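> Predicted model, plus sequence, below.
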Amino acid sequence: MTDVANENALTWTIGAGGLIGSGINRRAATAFDASAILWADNEATLRALALNLTNFKAQVASGPWTIIWAAGAATVASSETETAQETLVLMGFLELLKSAPPQGAGVFFLVSSAGGVFAGASDPPFGETSEPNPISPYGFAKLANEQLAQRILGDSCQVIIGRFSNIYGPGQKLDKLQGLISRLALSAVTKEPINIFVPLSTVRDYIYVDDAAAFAHAWINTAHARNATSSNTPKTSTVKLIAAGQGTSIGQLIRITQDVSHRKVPIAMGSHPSSTVQAADLRFIPSNPKDVDLPVTSMPVGVKHVVDSILRQLQQSEVK
């Protein structure tokens, strides 16, 4: 799908260092080169965001623009205090953007978590019209972030809430409690046991990072096309479910990882406080854009990419 407005839109991906943020940023036709943002201190973070926003507006001038919020280090194991801090930073930025937006027609895309907001819901698979039911501080924060974006920016620009299922791919950070596929691949390569805290029958919807990024840009394209039809186009706020549409159990993941790596994955069953807020089945119905051919990466191919990436990283570290 080609959209001239989106091709001309300057795109600022906040959180471009993360897995999905980097994937979305790679697909941007014209990416804004933001200065570094230190996330340790809220006041310093907002000052850096404000400076970047000023520079972003100067480069946009009166043209179309896209801002994607993919920032955040919280996981389902994070505390209420940790998630609240991230929500405060987002709220501060949204208020900055509301008070002094770029001149042109824009799109704000918020990366949210389908697993977080639907963790306590019943009767999967869940779609874009399903009723959210978070049960963890992480899930409650994600839903609060969605509501903030819709409330603060709802009459200023097109707002898209992208609820993503479990994203995986090469380059996922392994320093926090997430990224099961990357951890399984690492365990297969290093032969170090991986601790599993939930039943092997636990089902999730895994989408490859490049596929997820393509979905995000497809919906951004649609919003820009709407803006391009008229300068008086009503502002809308939409929720989109970005997922593969296929459930895979942890047991299946282990077998796939073993098949593509030709190595046994050593498993150690354990316990963790976060297991109490882990749903048994999180399958989703993707929001598929019409007349758009999007990439579909099969689980074996995607997992093989992750295994190969980890092998390369380990080989490079040995050379150093």
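Thanks, I have it.
> Low-confidence bits of the stretch 201-320 of the chain, can you list those?
Scanning the stretch 201-320 of the chain for pLDDT under 70 picks out 230-234, 319-320.
> where along it do the helices fall?
209-229, 250-261, 299-319 (DSSP state H, counting those that start in this stretch).
> Point out the most buried one among those helices.
helix 209-229 (a mean of 22; mean count of other Cβ atoms under 10 Å). Backbone N, C-alpha and C define where each C-beta goes, glycine included.
> now the angle from that helix to helix 299-319?
On the basis of axes from the mean of the first three to the mean of the last three Cα atoms, to 10 degrees, helix 209-229 is oriented at 110 degrees to helix 299-319.
> Packing partners of helix 209-229?
If you count contacts as 3 or more Cβ pairs under 8 Å, 6 or more residues apart in numbering; DSSP states H and E, helix 209-229 packs onto helix 4-8, helix 19-26, strand 65-69, strand 106-113, strand 158-164, strand 166-168, strand 237-242.
> roughly how far out does it sit from the chain middle?
14 Å (Cα atoms, centre = their mean, to the nearest Å).
> before we move on, back to that, TSV please, covering the helices and strands packed on helix 209-229 and showing mean neighbour count and distance to Ala228.
Shown next, in TSV, are the helices and strands packed on helix 209-229 (neighbours: other Cβ atoms under 10 Å; distance: least, Cβ to Cβ, whole Å):
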stretch	mean neighbour count	distance to Ala228
helix 4-8	17	4
helix 19-26	22	21
strand 65-69	27	13
strand 106-113	26	11
strand 158-164	25	11
strand 166-168	24	29
strand 237-242	22	17
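> In terms of mean pLDDT, which of these ranks lowest?
Among the helices and strands packed on helix 209-229, helix 4-8 carries the lowest mean pLDDT, a mean of 61.
> Parallel or antiparallel, list what pairs with the helix or strand that it is followed by.
The first helix or strand that comes after helix 4-8 along the chain, using DSSP states H and E, is strand 10-14. Paired strands of strand 10-14, with direction, are strand 30-31 (parallel), strand 65-69 (parallel) (DSSP bridges).
> okay, those in TSV with distance to Gln258 next?
Formatted as TSV, these follow (distance: least, Cβ to Cβ, whole Å):
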stretch	distance to Gln258
strand 30-31	38
strand 65-69	36
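> and of those strands, who's closest to Thr81?
Evaluated over the strands paired with strand 10-14, closeness to Thr81 peaks at strand 65-69, with 20.6 Å, by Cβ to Cβ.
> mind saving the C-alpha coords of the closest one as PDB?
Taking Å, rounded to 0.1, in the frame of the first residue of the first chain, the C-alpha atoms of strand 65-69 are listed here in PDB:
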ATOM      1  CA  TRP A  65       3.600  14.400  10.600                       C
ATOM      2  CA  THR A  66       3.500  11.100  12.700                       C
ATOM      3  CA  ILE A  67       4.500  10.700  16.300                       C
ATOM      4  CA  ILE A  68       4.700   7.100  17.600                       C
ATOM      5  CA  TRP A  69       5.000   6.500  21.300                       C
END
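> neighbours of the residue nearest to Glu82 when sequence neighbours are not counted, just the number please.
Using Cβ to Cβ, 6 or more residues apart in numbering and skipping residues adjacent in sequence, the residue nearest Glu82 is Ala74, 5.6 Å away. Neighbourhood size, Ala74 [other Cβ atoms under 10 Å]: 22.
> which ones are touching Ala74?
For Ala74, the contacting residues are Glu82, Thr83, Glu86, Tyr138, Ala141, by Cβ atoms under 8 Å, 6 or more residues apart in numbering.
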